[in-house]
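> next input, structure requested:
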Amino acid sequence: MNAPMLFLPLIPLLPLIGFAVNGLLGSRLPKAVVSTIALVFPLASFGLVAHAAWLVRLGLALPVIEENAPTWIVAGALHFSFALALDQLTLVMLLVITGVGFLIHLYSVGYMSHEDGYWRYFAYLNLFLFFMTVLVLAGNFLLMFVGWEGVGLASYLLIGFYYERKSAGDAGRKAFVVNRIGDFGFLVGMFLLLGQFGTLSFGEIGANLAAHPALEGGVLTAIALCLVVGATGKSAQIPLYIWLPDAMEGPTPVSALIHAATMVTAGVYMIARTHAIFDRSPVALMVVAGIGAATAFFAATVGLVQTDIKRVLAYSTISQLGYMFLGCGVAAYSAAVFHLMTHAFFKALLFLAAGSVIHGLGGEQDLRRMGGLRKQMPVTFWTMTAGVFAIAGFFPFAGFFSKDAILYAAFLQGTAGKAFWFVGLVTALLTSVYMFRLWYLAFFGESRAEDKHHPAHESPWIMLTPLVILALLSVGGGWIGIDRFAGFLAPVVGEGPAAQAGSAQLELGLSVVAVLVAALGWFVADRYYRRSPEKPAAVAASVPLLYSTLVHKYRIDELYDGAIVKPVLMVSRYVLGWVGEGVLVRGSAWVAAGVVSLTGEGLRRWQSGNLRSYAGWLAAGAAMVLLFVLAGILFGAHGVGFSMNWAGR
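Residues are numbered from 1 along each chain as shown. Now for the predicted structure:
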């Protein structure tokens, strides 16, 4: 057993200890102690991951697989253990989850300092980190599913943290229910895997596929499509994206944690982890790419008109996750994971900077009541600027390198790939427009705040420090380069099409086009939201149907409500309610009451207290016994013996 293996179980267990201590004792501890517990254990977990990364840099071979893991379930030939595994993909995910996750914990100390339930918030945050690390460290599907369901539970608790508000409770339930729909697909995929391979171990499934190169399509396509259903739920893709915008009801740091570094990346990670299955099914890959491209464009159009600063970022998350799905769908898994990493940097930065704005404005989230904040909140302004340029895809920011790697890989995939590339390019234009719109509305022009007697103030340094660190990562995080990153992940996910075809000239040309498109988006936003801020209203008035469609998010929620939610409620409340309560409950009660009543009536007649009645029943009983004896005599020797026995009694 080599060095990192000694520490692997501690990576998830440390946040779990923090959850247990604050969860059990936090209500009786001072805030300073709660904060210390909440920060120390995630920081220690990150330290272990960084130590493992350092050992890998020194030449330690990967992967590292736990061989003598404790047994979990034994059922006949099936054997499941708590096996953990560390490889290149796991290491990247752990660095993102624990590193960015710790910065969000640190930021939360300042942001949540005046909130009730402070200890409860940090207990949930530590629990979330525990389940997410279990998810990525799992060596088999079953243990991954524990983490998969666990982050769903923790997200429900965090989204509904302000449970006194009905909207927060509804948002938490919506996230929980929608994710259960996706998780059902995941479960079916696991059962199919078990039936096909007789195991849920990633290593054994991979070895089985390698030993049968002709195995493709058919059941593998069914398995892959079931896993895609699970991924669309966790990573908020069409058709199961609807929970993510409502998740804004939770505290802003929760949005940063869920949207940037943890839960929504689980679906992308799962597809990359199981790429050997998807590679054998071109149909499944095309479905993944189609879902990603459609979701990226769809969410970007909705983000153009949102007025809540957090909802703009929520739809941008859905859109950016679409890019990651597109990358997986064209088998550019390294590019997808690369964008997952850079997105964690700039999206966490954008959400935390938005939280700083909300904090500085006393809770205001409406972009229409902001403006002029760059002078009042200079650190927040400059750090958010780095995030805006990164997500828009400007060189040399991190988003440029990762997004262009996905678009380039798509362009190389024939006619369908070029169509996906075009959709991704248009989405990049829309992304630039709505992000610079947010930038101008929040930080430029005159203040539109309702209370101008209490100007905005900069956040404390415990909140600004994570912003500065994330801004630096958003600027320089992409300089590692897709070639080096893909080379590091190649033992796990392969090289991908970008490494096998194309040319440097083509890649450079496509990158120039992408940057020009981002610049065009900036120009449009500058034209309409800085130089002529009255024009957006005029444009909206000129296309009322389109504007109404985008503002109401294509009325997808209303469609789901009318086509699915209300019919299900009607069936459950009226049909099942009538059957369950009327027939099963009330009906069975009526039948039971009737049986008891008739039995009682019969017994009442027997126990009348009338001697003549007793004599009559005695005579009738004697006659029946005599009849039974005579019947035995008439029907043979066996009957005689039987009746004689009775007669003897």
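> any regions of the protein where pLDDT drops low?
For the chain, applying pLDDT under 70 flags the ranges 1-6, 66-68, 261, 451-453, 495-502, 572-623, 625-649.
> centroid residue for it?
residue 234 (3.0 Å; C-alpha atoms, centre = their mean).
> so that residue sits against residue 182, correct?
Yes: using C-beta atoms under 8 Å, residue 234 is in contact with residue 182, at 6.2 Å. Every C-beta, even on glycine, is put in place using the N, C-alpha and C of the backbone.
> since we're on residue 151, how many residues are nearby?
24 (other C-beta atoms under 10 Å).
> close enough to count as contact, it and residue 130?
No: the pair residue 151 / residue 130 is not scored as a contact, 9.4 Å apart, by C-beta under 8 Å.
> not counting its neighbours along the chain, what's nearest residue 514?
residue 404 (5.4 Å; C-beta to C-beta, 6 or more residues apart in numbering).
> residues contacting that neighbour?
Applying C-beta atoms under 8 Å, 6 or more residues apart in numbering to residue 404 gives the contacts 393, 507, 510, 511, 514.
> output the host helix or strand of it as CSV, nothing but the C-alphas.
For residue 404, the host element (DSSP states H and E) is helix 398-411. Taking C-alpha atoms only, helix 398-411 is exported to CSV below (Å, rounded to 0.1, in the frame of the first residue of the first chain):
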residue,chain,number,x,y,z
ALA,A,398,-9.1,30.5,-18.2
GLY,A,399,-12.4,30.2,-20.1
PHE,A,400,-10.8,30.9,-23.4
PHE,A,401,-8.6,27.8,-23.3
SER,A,402,-11.2,25.3,-22.1
LYS,A,403,-14.2,26.5,-24.1
ASP,A,404,-12.2,26.7,-27.3
ALA,A,405,-10.9,23.1,-26.7
ILE,A,406,-14.5,21.9,-26.7
LEU,A,407,-15.5,23.9,-29.8
TYR,A,408,-12.4,22.7,-31.7
ALA,A,409,-13.0,19.1,-30.8
ALA,A,410,-16.6,19.5,-32.0
PHE,A,411,-15.5,21.1,-35.3
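> burial count for residue 561?
What residue 561 shows, counting by other C-beta under 10 Å, is a neighbour count of 13.
> oops, could you answer that again for residue 237 instead?
By other C-beta under 10 Å, the burial measure for residue 237, its neighbour count, is 29.
> how about it: what's its closest non-neighbour residue?
residue 295 (4.7 Å).
> for the one you found, give its distance to residue 153.
Counting by C-beta to C-beta, to the nearest Å, the gap from residue 295 to residue 153 is 25 Å.
> these two: which is more packed in?
Legend: neighbour count by other C-beta under 10 Å for residue 295 and residue 153, higher for residue 295 (26 against 15).
> residue 318 is in contact with that one, correct?
Yes: contact status for residue 295 versus residue 318: in contact at 6.2 Å, counting by C-beta under 8 Å.
> who touches both of these two?
By C-beta under 8 Å, 6+ apart, residue 295 and residue 318 have these common neighbours: 237, 241.
> tell me which other helices or strands the longest helix along the chain touches.
In the chain, with assignment by DSSP state H, the single longest helix is helix 166-197. Where contact means 3 or more C-beta pairs under 8 Å, 6 or more residues apart in numbering; DSSP states H and E, helix 166-197 is packed against helix 141-159, helix 202-211, helix 219-234, helix 243-246.
> those into CSV, with extra columns for distance to residue 308?
Converted to CSV, the helices and strands packed on helix 166-197 look like this (distance: least, C-beta to C-beta, whole Å):
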stretch, distance to residue 308
helix 141-159, 16
helix 202-211, 40
helix 219-234, 23
helix 243-246, 9
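> ok, which of these comes nearest residue 21?
For residue 21, the closest of the helices and strands packed on helix 166-197 is helix 141-159, at 16.5 Å, according to C-beta to C-beta.
> give me the helices and strands touching the closest one, please.
Packing partners of helix 141-159 (3+ C-beta pairs under 8 Å, 6+ apart): strand 71-75, helix 118-137, helix 166-197, helix 219-234, helix 266-273.
> now the ones you listed in JSON lines, with distance to residue 30?
Compiled in JSON lines, the helices and strands packed on helix 141-159 are given as follows (distance: least, C-beta to C-beta, whole Å):
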{"stretch": "strand 71-75", "distance to residue 30": "39"}
{"stretch": "helix 118-137", "distance to residue 30": "10"}
{"stretch": "helix 166-197", "distance to residue 30": "27"}
{"stretch": "helix 219-234", "distance to residue 30": "37"}
{"stretch": "helix 266-273", "distance to residue 30": "35"}
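> those: which one's closest to residue 552?
The nearest among these, by C-beta to C-beta, is helix 166-197 at 17.1 Å.
> mind listing what's buried in the closest one?
Within helix 166-197, the residues that count as buried by 16 or more other C-beta atoms under 10 Å are 168, 171-172, 174-176, 178-179, 181-183, 185-190, 192-193, 196-197.
> nearest spatial neighbour of residue 147, chain-adjacent residues omitted?
Leaving aside its sequence neighbours, residue 147 sits nearest to residue 135 (C-beta to C-beta, 6+ apart; 2.9 Å).
> the one you found: what's it in contact with?
Residue 135 touches 144, 146, 147, 148, 150, 151, 266, 269, counting by C-beta under 8 Å, 6+ apart.
> wait, doesn't the third one sit right on residue 132?
It refers to residue 147. Yes: using C-beta under 8 Å, residue 147 makes contact with residue 132 at a distance of 6.5 Å.
> circling back: okay, and which of the contacts of residue 404 map to helices?
Judged by DSSP H, the subset of the contacts of residue 404 located in helices is 507, 510, 511, 514.
> the stretch 1-150 of the chain: strands as residue ranges?
Assigned by DSSP state E, counting those that start in this stretch, the stretch 1-150 of the chain shows strands spanning 64-65, 71-75, 78-81, 85-86.
> quick one: strands adjacent to the second one?
Taking DSSP bridges as the criterion, strand 71-75 pairs within the sheet with strand 78-81 (antiparallel).
> next: the first one.
The sheet places strand 64-65 alongside strand 85-86 (antiparallel), with pairing taken from DSSP bridges.
> can you put the contacts of residue 135 in JSON lines and add distance to residue 210?
Formatted as JSON lines, the contacts of residue 135 follow (distance: C-beta to C-beta, whole Å):
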{"residue": "144", "distance to residue 210": "20"}
{"residue": "146", "distance to residue 210": "27"}
{"residue": "147", "distance to residue 210": "26"}
{"residue": "148", "distance to residue 210": "25"}
{"residue": "150", "distance to residue 210": "31"}
{"residue": "151", "distance to residue 210": "30"}
{"residue": "266", "distance to residue 210": "26"}
{"residue": "269", "distance to residue 210": "21"}
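> make a ChimeraX selection of whichever of those residues turn out to be buried.
In ChimeraX syntax, the buried subset of the contacts of residue 135 is picked out as below (16+ other C-beta under 10 Å):
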select :144,147,148,150,151,266,269
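> looking at the contacts of residue 135, which one is closest to residue 357?
Distances from residue 357 to the contacts of residue 135, taken by C-beta to C-beta, are shortest for residue 151, at 27.3 Å.
> roughly how far does the closest one sit from residue 157?
Taking C-beta to C-beta, one finds residue 151 at 11 Å from residue 157.
> would you reformat the contacts of residue 404 as TSV and include neighbour count?
As requested, the contacts of residue 404 are exported to TSV (neighbours: other C-beta atoms under 10 Å):
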residue	neighbour count
393	27
507	18
510	19
511	19
514	23
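> need the helices for the stretch 401-550 of the chain, in chain order.
Per DSSP state H, counting those that start in this stretch, the stretch 401-550 of the chain carries helices over the ranges 414-443, 461-476, 482-493, 504-526, 535-542, 544-551.
> of the ones you listed, which is nearest residue 79?
Ranking the helices of the stretch 401-550 of the chain by proximity to residue 79 (C-beta to C-beta) places helix 482-493 first, at 24.3 Å.
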